[in-house]
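here you go, sequence then predicted model.
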Amino acid sequence: MKPAGRHPVDALSAVKVRNAKEPGRFADGNGLYLVVDPSGAKRWILRTVVRGKRRDIGLGSTQLVSLSEARDKARDMRKMAREGGDPLAARRAEKAIPSFKEAAETVHGIRAEGWRNAKHGAQWLKTLETYAYPTIGARRVDHVDSADLEAILRPIWLAKPETARRVRQRIGAVMDWATTAGHRTGANPAALVGPGLARQTDKKNQKHHEALPYDEAPAFVSSLRTGAPDIVRLALEWTLLTAARTGETIGATLDEVDLPEAVWNLPPERMKGGKPHRVPLPARCIEIVEQVKDLGAYDYLFPGARRGRPISNMAMLMWMRRAGYTATVHGLRSTFRDWTAEQTSFPRDICEAALAHALKDKVEAAYRRSDLFAKRRDLMNAWAAYIEACGDTVVQLRAAQ
């Protein structure tokens, strides 16, 4: 076989490729060439025009890519080039998309500073190693779908309901990061899985776990912010950031929010204790108010589907269930309380005041003349900063890519 000097169509055969020994370039047709190096190594290249410039694009070694596969690759790249695309840029972008395992390790590293302890951090990754990696560990994150999630969860869904919940949430956290980092588009498969799985009936176990673990709060908020804003997700984020009771969020009106002072003023008739309550609002809550205004809120802060009615608790709860969370909306208050107890040095009375809990000590209650508002503002800003920490790291990673 002689080096190419013309452009035949399908001039090569599997036998010719196998027997090629002489160094040179051998044409198959339509820009596809077999290249034999002086060392004897054989590889494929495609010569084509990309956006007005002639380019040679490597298609791989003949040991890994057969003649028919090389022809298929060449055809796809020529088509892309004819349509104005850049096959080289597309291939570089494809190579940059991480596998699920790589993405999980990245998320684990991002969240390292938020673990309760090293053991908990190791358990987070071990869960994925045991249940997720065998099925999707090597798969690119943009190729993971809800069918994969069902295959992973089905064997443990009823036998180990709590383990299944954790696997689902942790896969969801990895998928949320992949979306935020630009590696995939579309809905989180963890939020779509469910119709193909039996209903879990372990009510006792679910009640025990009705609070979202605080170290999962940043990922929870990240999932709330995926996609265009909507009332349900904004209401859930508001509830978490303010540590409000569900009913307080549902009944909130725009008139109650003082934007210049960043305060949510709840009248006594809306409070469980029958006393007015001021909630210091972190910057993100101010953004949420502006977003709900853009969505058409005009009376209730979080309007429902029916005109003149607020959002319902069920709407928020159903979003959490579809996303794989067994916590209740009210349980988000416990998420905040657990974080204050385990991760901060704020005095207990400030934390209780943030939750609008009445003092059990009647003598202490009689002598208190302040609602500790300034100190509560520091507490709520610290809580918001903790939740934002994971998101900030993701943004930094995207900027570095």
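Sure, I can see it. Numbers count the residues shown, from 1 in each chain.

burial count for A315?
For A315, the neighbour count with other C-beta atoms under 10 Å is 18. Backbone N, C-alpha and C define where each C-beta goes, glycine included.

tell me how far it lies from L128.
31 Å (C-beta to C-beta, to the nearest Å).

and A354, by the same measure?
A354 is 34 Å from L128, where distance means C-beta to C-beta.

please apply the same query to K73.
According to C-beta to C-beta, K73 and L128 sit 33 Å apart.

over to H108?
Using C-beta to C-beta, H108 is found at 8 Å from L128.

of the two, who's got more company?
Using other C-beta under 10 Å, the more surrounded residue of H108 and L128 is L128, with 24 against 18.

does that one sit in a helix or strand, and which one?
According to DSSP states H and E, L128 maps onto helix 118-131.

contacts only, for the most centrally placed residue in the chain.
Residue closest to the average C-alpha location in the chain (C-alpha atoms, centre = their mean): D176, at 1.0 Å. Residues near D176 by C-beta atoms under 8 Å, 6 or more residues apart in numbering: 188, 219, 222-223, 226.

checking my notes, G58 in a strand, right?
Yes: counting by DSSP: H, G, I helix; E, B strand; the rest coil, G58 falls inside a strand.

quick check: which element contains I156?
Secondary-structure assignment from DSSP H and E places I156 in helix 146-157.

tell me what angle the next helix or strand after that helix forms with helix 146-157.
Downstream of helix 146-157, the first helix or strand assigned by DSSP H and E is helix 161-180. Angle, helix 161-180 to helix 146-157, by axes from the mean of the first three to the mean of the last three C-alpha atoms, to 10 degrees: 160 degrees.

quick one: the strands in the stretch 251-400 of the chain, in order.
257-258, 263-266, 277-280 (DSSP state E, counting those that start in this stretch).

just these: most buried one?
Of the strands of the stretch 251-400 of the chain, the one with the most neighbours on average (mean count of other C-beta atoms under 10 Å) is strand 277-280, at a mean of 20.

give me the contacts around that strand.
242, 244, 262-266, 271, 356, 371, 373, 376-377, 380-381.

specify which member of these is nearest to Q63.
Comparing these against Q63 with C-beta to C-beta places N381 closest, at 59.2 Å.

what about the residue lying closest to the closest one once chain neighbours are set aside, how many residues nearby?
In space, not counting the residues next to it along the chain, N381 is nearest to P282; the distance is 5.2 Å by C-beta to C-beta, 6 or more residues apart in numbering. Here the number of neighbours of P282 (other C-beta under 10 Å) works out to 20.

for P282, grab phi and psi.
As for P282, its main-chain torsions (degrees, to the nearest 10) stand at phi -70, psi 170.

where's it relative to W383, distance?
Using C-beta to C-beta, P282 is found at 7 Å from W383.

same check, this time on A389
Taking C-beta to C-beta as the measure, A389 falls 11 Å from W383.

so for those two, which sits in the more crowded spot?
The neighbour comparison of A389 against W383 (other C-beta under 10 Å) goes to W383, with 25 against 14.

pretty sure that one sits against P218.
No: in this structure, W383 is not within contact of P218 by C-beta atoms under 8 Å, at 11.3 Å.

quick one, grab the pLDDT at T48.
The score at T48 is 89. That number is its pLDDT.

which stretches of the stretch 301-401 of the chain have low pLDDT?
Where the stretch 301-401 of the chain drops to pLDDT under 70, the residues are 359-370, 390-401.

now do the buried residues in the strand or helix carrying G247.
Using DSSP H and E, G247 sits in helix 246-250. By neighbour count with 16 or more other C-beta atoms under 10 Å, helix 246-250 contains the buried residues 246, 248-250.

now swap in stretch 283-301 and tell me
Neighbour-count burial for stretch 283-301, counted by 16+ other C-beta under 10 Å, picks out 284-285, 288-289, 291-292, 297, 300-301.

and which of those residues is nearest I350?
Nearest to I350 among the buried residues of stretch 283-301: C285, at 18.6 Å, using C-beta to C-beta.

now for the closest residue to that closest one other than its chain neighbours, how many residues are close by?
Distance criterion C-beta to C-beta, 6+ apart; nearest residue to C285, sequence neighbours excluded, is L241 at 5.6 Å. L241 has 23 neighbouring residues, counting by other C-beta under 10 Å.

this completes my enquiry, with thanks.
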